[in-house]
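Predicted structure and sequence below. I'll ask about it afterward.
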Amino acid sequence: MKYVIIGNGIASIGAIEGIRKVDTENEIMVIGSEDSPAYGRPLISYLLAGKIGPDRLALRPQEFYKKSNVTLKLGTTVAGIDTKARIVTTDKGEAVEFENLLIAVGGIPFTPPIPGSDGADVYNFTNLAHAQVLISRAKEIKRAVVIGGGLIGLKAGESLFDRGVDVTILELSPRILSLAFDENAAALAGERLAEVGLNVRCGVSAKEIQRDAEGNLKGVHLTDGDFLQTDVVVIAIGVVPNYNLAKDAGIAVDQGIKVNNHMKTSAGGVFAAGDVAQAKDLLFGEDRVIPIWTNAYNQGFCAGKNMAGADIEFTGSLAMNSISFYGLPTISVGTVNPPEGDNSFEIAINLDEKKKSYRKLVFQNDHLVGYVLVGDIDMAGMYTAFVKFKMAVREDAKRQLMAGEPDVLLWPDDFFQETWNPETQS
Amino acid sequence: MPGVSHGIKENTMKRVYPDKEYCIGCHLCELACITAHSKSQDLIVAYREERGRDGLSSCKKVFEKGDICVAISCRHCDEPSCVAACISGGLYKDPETGRTVYDREKCVGCWSCLMACPYGAISRHPTEGKIVKCDLCEGREEGPACVAACPNLALKFEER
């Protein structure tokens, strides 16, 4: 097989589309451990909330795989990779030869050691199967405790609440959304959730999950001594790169699978992309794991093109999140919490608590390196341009950005022309 | 940087190119846009009724800075950031036409595309939890209405 892709998420879709940009002929095989064609993983919270049906989960039309000449081997887990012989073996005992291999197996839910967590009614919330179990049980669930106040935890909590469940979210750090957002944005999102009726408790976590003699879940003991009765516990602390397959095959790993600027791993003909890969960061230059949807697609796309023989450098990952809490939209891009005491950063803040509107711009050395928007998000893309294209921001431009009016006419003229009104290509 | 490729065949297709040397900032393109996307296909009804009632809004945005102005909309990029960011499969490249296509039914209104598009070419529908994005006036035989309406030929619809 010319191309084999392990994993069937968004990085895999990116890779298929990347390969097909260069090579429209040779067959691609995708091996995925889940049973369905690639679906929008973040959509599981919409599914659990009842906002969409299962028919809307697929990321690409049904004919996509056929048209792209892709063989899908689903419900199949890869057991090992022989990088020398270039063979992958599956849990079903099959052996598949490859010329080019992409490892795009994503992350696995991180589960802290909480006594009592082994057993019934403790769930994760990172794949369709988890969502389906929670949906099938939703009618009997009266109370749920969600451990983790990050993006996944809050969305899981919101979806269960929409199903009529009384939800308490526990966050160990002093505030929710501590990774992707800043204090003000987190406060606005937290207020919105509280208004609707979710219980959000920060600075506290689960110490022990209480079960009766038969092992039935009774409740959660908290680190502050409190006890919460509950029917289910959802652990949503985050995901860690699922790199054991690669590690066991002798492929170099650090925080994730190490890749060069062409998304190649240390093994010949083997690439990695998405939440499992440790790749170049656009702003910092160093290699990091940034488990973000858009990066997974872009890394897969770049890897795919290179697998097919092109010579494309990965431009670098850029952290970005867009998420709404009961109609309150929030967006965060790039560096939003610069290290305290570092004078090279300049922060401009605009907070209107009445309007639930917030804007934070982070500048460094006359460049916009990150921003947060809450409520009024309509100019987000125009801000993203300044971060992504690393355009210098002069004083007058900075004033305009700070006034909430980023604009294409602030771009350097030659870049503007090249982008919007290029010469006719010969 | 956009449009730059390395030995990869780019889609050849007609796109709308705005020229700020010629744009006079009259906003007629925006009016043509909402008319072309209205139920009534009538400028006055579209502007006075459908805009307020249905949230009908333009895919085109006019920016002004002193004497300089320009009208922009979706570039139908070869490798669009919005498609990479879309969590629902509602945005994708049509391999045959090269257009960046929006499937309204699939969209869940997460605004990821709006965040990711560095060209500011995607906006929120005012009432419906969906996005508004240029479709190059799909199905309109004469081509994009904004181009036809521009009185100073500042918008060109051509292959480059």
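Noted; the coordinates are in hand. Numbers count the residues shown, from 1 in each chain, chains lettered A, B, ... in the order given.

what's near enough to touch the residue positioned nearest the centre of chain B?
Central residue of chain B (CA atoms, centre = their mean): B:Cys134, 2.4 Å from the mean position. By CB atoms under 8 Å, 6 or more residues apart in numbering or on different chains, the residues touching B:Cys134 are B:Val16, B:Cys33, B:Cys59, B:Lys60, B:Ser73, B:Cys74, B:His76, B:Ala121, B:Pro144. Backbone N, C-alpha and C define where each C-beta goes, glycine included.

same deal with A:Tyr39?
Applying CB under 8 Å, 6+ apart to A:Tyr39 gives the contacts A:Leu57, A:Ala58, A:Leu59, A:Leu128.

Backbone torsions only: list them for the third one.
Note on A:Leu59: backbone dihedrals following degrees, to the nearest 10 are phi -80, psi -30.

quick one: the helices in chain B?
Secondary structure of chain B, counting by DSSP state H: helices at B:28-36, B:43-45, B:51-54, B:81-85, B:112-116, B:145-149.

outside of the shortest one, which residues touch it?
Residues external to helix B:43-45 that are found in contact with it (CB under 8 Å, 6+ apart): B:Leu31, B:Thr35, B:Ser38.

between those residues, which has the most around it?
B:Thr35 (21 neighbours; other CB atoms under 10 Å in any protein chain shown).

That one touches B:Asp42, doesn't it?
Yes. Counting by CB atoms under 8 Å, B:Asp42 is a contact partner of B:Thr35 at 7.0 Å.

picking up where we left off before, ok, and which of the contacts of A:Tyr39 reach chain B?
A:Ala58, A:Leu59 (CB under 8 Å from any CB of the partner chain).

contacting residues for the residue lying closest to A:Leu43 once chain neighbours are set aside?
Leaving aside its chain neighbours, A:Leu43 sits nearest to A:Leu57 (5.5 Å; criterion: CB to CB, 6 or more residues apart in numbering or on different chains). Shown in contact with A:Leu57 (CB under 8 Å, 6+ apart): A:Ser36, A:Tyr39, A:Gly40, A:Leu43, A:Leu47, A:Leu128.

So which of those belong to strands?
Per DSSP state E, strands hold no members of these.

Restricted to helices, list those.
Among these, DSSP H puts A:Leu43, A:Leu47, A:Leu128 in helices.

Could you report the neighbour count for the last one?
Right, A:Leu128. With other CB under 10 Å as criterion, A:Leu128 counts 18.

domains for the chain, by residue range?
You didn't say which chain, so I picked chain A. For chain A, the structural domains run A:3-108+A:240-307, A:122-237, A:327-420, going by automatic domain parsing.

You answered for a different chain; I wanted chain B.
Chain B breaks down into these domains under automatic domain parsing: B:13-73+B:139-160, B:76-133.

how about CSV for those domains, with mean pLDDT added?
Compiled in CSV, these are given as follows (pLDDT from 0 to 100):
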stretch, mean pLDDT
domain B:13-73+B:139-160, 96
domain B:76-133, 96
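
all strands for the stretch 101-250 of chain A, in order.
Secondary structure of the stretch 101-250 of chain A by DSSP state E, counting those that start in this stretch: the strands cover A:107-109, A:122-123, A:143-147, A:166-171, A:199-202, A:206-211, A:217-222, A:227-229, A:232-235, A:239-241.

Dump stretch B:72-88 to PDB, restricted to CA.
Output of stretch B:72-88 as PDB, limited to C-alpha atoms (Å, rounded to 0.1, in the frame of the first residue of the first chain):
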ATOM      1  CA  ILE B  72     -13.700  42.300   0.300                       C
ATOM      2  CA  SER B  73     -15.300  38.900   0.600                       C
ATOM      3  CA  CYS B  74     -14.300  35.200   0.600                       C
ATOM      4  CA  ARG B  75     -11.200  34.600  -1.500                       C
ATOM      5  CA  HIS B  76     -12.100  31.000  -2.100                       C
ATOM      6  CA  CYS B  77      -8.500  30.100  -1.000                       C
ATOM      7  CA  ASP B  78      -6.800  27.100  -2.400                       C
ATOM      8  CA  GLU B  79      -6.100  25.900   1.100                       C
ATOM      9  CA  PRO B  80      -8.700  27.600   3.200                       C
ATOM     10  CA  SER B  81      -8.200  28.100   7.000                       C
ATOM     11  CA  CYS B  82     -12.000  28.000   7.500                       C
ATOM     12  CA  VAL B  83     -12.200  24.400   6.100                       C
ATOM     13  CA  ALA B  84      -9.300  23.300   8.400                       C
ATOM     14  CA  ALA B  85     -11.100  24.900  11.400                       C
ATOM     15  CA  CYS B  86     -14.700  23.600  10.600                       C
ATOM     16  CA  ILE B  87     -15.800  21.000  13.200                       C
ATOM     17  CA  SER B  88     -19.000  20.100  11.500                       C
END
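
quick one: it near chain A?
Yes. On the criterion CB under 8 Å from any CB, stretch B:72-88 is in touch with chain A at B:Ile72, B:Arg75, B:Glu79, B:Ser81, B:Val83, B:Ala84, B:Ala85, B:Ile87, B:Ser88.

Adding distance to A:His221 and neighbour count, write those residues out as a markdown table.
Shown next, in a markdown table, are these (distance: CB to CB, whole Å; neighbours: other CB atoms under 10 Å in any protein chain shown):
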| residue | distance to A:His221 | neighbour count |
| --- | --- | --- |
| B:Ile72 | 57 | 24 |
| B:Arg75 | 55 | 20 |
| B:Glu79 | 51 | 21 |
| B:Ser81 | 46 | 27 |
| B:Val83 | 46 | 24 |
| B:Ala84 | 43 | 24 |
| B:Ala85 | 40 | 26 |
| B:Ile87 | 36 | 22 |
| B:Ser88 | 39 | 24 |
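
tell me the phi and psi of A:Met307?
phi -60, psi -30.

And A:Ala380, by the same measure?
phi -50, psi -50.

tally of neighbours for it?
Counted with other CB under 10 Å, A:Ala380 comes out at 29.

show me the contacts for it.
A:Ala380 neighbours (CB under 8 Å, 6+ apart): A:Ser322, A:Ile331, A:Val333, A:Tyr371, A:Leu373, B:Trp111, B:Leu114, B:Met115.

so the third one, which of the three states?
In other words, A:Val333. strand (DSSP: H, G, I helix; E, B strand; the rest coil).
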